[in-house]
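K.L.:
Just need the structure, nothing else, for what follows:
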Amino acid sequence: MNILVTGGAGYIGSHTCISLQMAGHSVIVVDNLCNSKVDTLNKVRQITDKEITFYQMDVTDETAMEKIFSNHHIDGVIHFAGLKAVGESVLEPSKYYYNNIVSTIILAKVCLKYNVWRFVFSSSATVYGDNEAPFNENMPLLPTTNPYGETKAMSERILTDIVKANPAFSVSLLRYFNPVGAHESGLIGEAPNGIPNNLMPYVTQVAKGKIEKLKVLGNDYSTVDGTGVRDYIHVMDLAEGHVAALDNLTEGIHIYNLGTGQGTSVLELVKAFEQANDIVVPYEIGGRRPGDIASCYANTSKAKRELGWTAKRNIIDMCRDAWRFEKNYKE
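P.N.:
Okay, here's the model as predicted:
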C-alpha cells in the first residue's frame, strides 16, 4: 500500500517509516520540520535502501494536503504530526489546540474526499487522565491533566464521530506510552531540537556530557521510589505496532494500548541506563512538572489478542540503543 505518514521525519514517524517499508509498503512523508530534520529521512533511505517521497508542508494547510492527495494514490494514513511537549502545552495551550486538532480535522476531511479509508491516529495514554493504572481501552476518557492530553482526547472524539457518520471509514486509535530507544543501526533516534522534553534523550545527553546533570522532576509521588513511573516502550516495537494496526484495520473505530504493560520509575530507568552502558548519570532532584501524574502503564492484552502484536524489547535494549544513537549523533 501507499501510506502517507504525517510527521514522518520525527522520532516515532521515522522509525515507523522503516517498519512500513520493511513490510513492503511505500511511504510518502509530510512534515513541517518544526521539531525534526530532513536528514533523518536520508538515514531511513540508507537503512531500508528504499525511496521516500517527502513534502515539507504543514498538515493544518488544507490546500497543501489537497495537493498531496491529488498527486498520489494513497491507500492509508498514519497521523503523527503534532506538538507533544506536556509542559509547553500548559504554557501555550492555544498553540496546541490549534495545531493538533485542526490538523486531525483537515486530514480526515481530505481522506474522505479522496476515498482514503484507512486512518491510524497517534494518540496517547494521557487521555486516561487520573484513571488508575494499568490503563485499559474500556476506561472512560477523563479530563486530562494538560492541554496536550486534551488535544489527543478531542481528536479521538472527532475521529469517532466521523466514523459514525461514515461507517466505511476505518480508524485505529493507538494510545501509547513512553517511546524510547533508537533503531539498532544507531543511524536514527530521538534528536529533539533544543533542551529535551522527554527523559531518555535528557539522560543520553547528560551521559554524553552535553548537559551537566539530569534534573529528576519530583521524588514525592506515591511510587516505588517517589519518582514518576511510566511504561517505556522501545520505539521499534511501537513502530511495528503501527504496521500491525494498519495491516489489520477493519471498518469502524478501534482502540489499542501500545506499551509493555510494566511500569519503570525515573530512577530505575537511570540505573538501567548505567547498567546497560557502564556509565554514570549524575542527577539532582527538582520539583514536579506541571501536568504530570504519578504512575502510567498499560494493559496491552487487546493489542496482543486482536493485532498479534506485543513488545519484544526490554528496558536494557532501550537504554543500549538510545546510547548507541547518541554517541553517533552529530548536530
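
K.L.:
which residues touch Asn131?
P.N.:
139-140, 142 (Cβ atoms under 8 Å, 6 or more residues apart in numbering). No exception for glycine: its C-beta is placed from N, CA and C like everyone else's.

K.L.:
taking these one by one, which sit in helices?
P.N.:
Assigned to helices by DSSP state H, none of those qualify.

K.L.:
Pull the number of nearby residues for Lys95.
P.N.:
Number of residues near Lys95 (other Cβ atoms under 10 Å) recorded here: 13.

K.L.:
Repeat that for Ala81.
P.N.:
28.

K.L.:
again with Asp130
P.N.:
10.

K.L.:
max-length helix in this protein?
P.N.:
Under DSSP H, the chain gives helix 93-113 as its longest helix.

K.L.:
Are there helices or strands packed against it, and which ones?
P.N.:
helix 62-71, strand 76-79, strand 118-124, helix 147-165 (3 or more Cβ pairs under 8 Å, 6 or more residues apart in numbering; DSSP states H and E).

K.L.:
So which of those is nearest Gly252?
P.N.:
Nearest to Gly252, of all the helices and strands packed on helix 93-113, is helix 147-165, at 6.2 Å by Cβ to Cβ.

K.L.:
Determine the set of other helices and strands touching that closest one.
P.N.:
Using 3+ Cβ pairs under 8 Å, 6+ apart, helix 147-165 sits against helix 86-91, helix 93-113, strand 118-124, strand 170-176, strand 252-258.

K.L.:
what comes into contact with it?
P.N.:
So helix 147-165 is contacted by 82-86, 89-90, 93, 96-97, 100-101, 104-105, 108, 112, 119, 121, 123-124, 126-127, 129, 141, 143-144, 169, 171, 173, 252-253, 255, 291 (Cβ under 8 Å, 6+ apart).

K.L.:
same question, stretch 261-278
P.N.:
With Cβ under 8 Å, 6+ apart, stretch 261-278 has contacts from 133-134, 199-200, 203-204, 207, 214, 216-217, 223-225, 227-232, 279-281, 283, 295-300, 311, 315-316, 319-320, 322-323.

K.L.:
can you tell me which residues contact Thr104?
P.N.:
79, 121, 155, 158-159.

K.L.:
thinking again about what came up before, buried among the contacts of stretch 261-278? Need that as a selection in PyMOL.
P.N.:
In PyMOL, this line selects whichever of the contacts of stretch 261-278 come out buried by 16 or more other Cβ atoms under 10 Å:
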select buried, resi 133+134+199+200+203+204+207+214+216+217+223+227+228+229+230+231+232+281+283+295+296+297+298+299+300+311+315+319+320+322+323
